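1. the following block contains a protein sequence and its predicted model.
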Amino acid sequence: MVKLVQKIIQARKKKSDIISNKVPKDVVDVLLSDTSEKLTDNLIADNMIHMMIPGEDSEPLLMTIAENTKLKTQKDELGEPLCWSDYLSLPFTQNVITETLRMGNIITGVMRKAMKDVEIKGYLIPKGWCVFTYFRSVHLDQNNYDWPYHFNPWRWQDKDMSSCNFTPFGGGQRLCPGLDLARLEASIFLHYFVTQFRYN
Ligand code: HEM
């Protein structure tokens, strides 16, 4: 990321040599126009990255904290432990988990062996061949997801998850039997993480 941002800075520097005295249009322009010489390219890149990360992740985190804090307060008032229906009552947290599974699933795909000749979309997979179905390329394909590298839990609101474009737990006869348990564990982790831990 630093390398990428540094390239942008270099390109801007070249441009600003040609067009001097122009009014700064964005953060990079402002940082580059600093005359104190304290701002190295590295520091400028660092500043830009720090501005990008909160812009990207703060909203989903805020929503998750709000939803889970509300539940924790209710539970504390009633003096009750968490139960199954609580897990289902956190729709935004579920969307955060779904989006995490889409972008960062630890299982990148599954292996299959063709038991007979199979033709898919004009390609022949001969009997006995092994195939690796790569989930990640489907989950990060912009034909299936707008801005696929953008962490956007809202994309799952009112969306049907049972499509072939979303298979973090596999599908068919070998569908992961731990699917619900995995989501439940992730929800419990997120609940305690956002309601009990401090970031500093
Ligand atoms: C985020 C967590 C998890 C992910 C992403 C995941 C993903 C998967 C995937 C993709 C498969 C299909 C493998 C294939 O088709 O070859 C699978 C199978 C399986 N998973 Fe999970 N899994 C998770 C958690 C769990 C948990 C918590 C358990 C059990 C407590 C579990 C038990 C199994 C078992 C037993 C199979 C084999 C099913 C079969 O072959 O019939 N998984 N998992």
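-> Cool, got the structure.
2. can you pull the contacts of the residue of the chain found nearest the ligand?
-> Among the residues of the chain, Gly178 lies closest to the ligand, at 2.1 Å counting by CB to the nearest ligand atom. Just so you know, the C-beta spots here come from the backbone N, C-alpha and C atoms, and that holds for glycine as well. When contacts are counted by CB atoms under 8 Å, 6 or more residues apart in numbering, Gly178 touches Phe169.
3. let me see the backbone angles for Leu124.
-> phi -100, psi 130 (degrees, to the nearest 10).
4. ok, for it, nearest residue in space, not its chain neighbours?
-> Nearest residue to Leu124 in three dimensions, chain neighbours excluded: Asp117, at 6.4 Å (CB to CB, 6 or more residues apart in numbering).
5. what number of residues lie near that neighbour?
-> Taking other CB atoms under 10 Å as the neighbour definition, Asp117 ends up with a count of 11.
6. that one and Pro126 touch, don't they?
-> Yes. In this structure Asp117 lies within contact range of Pro126 using CB atoms under 8 Å: 5.7 Å.
7. and Lys127, what is it in contact with?
-> 114-117.
8. burial count for Arg174?
-> Arg174: 10 neighbours (other CB under 10 Å).
9. what about it, distance to Asp180?
-> To Asp180, Arg174 is 16 Å away according to CB to CB, to the nearest Å.
10. what does Pro91 give?
-> Distance, Pro91 to Asp180, using CB to CB: 16 Å.
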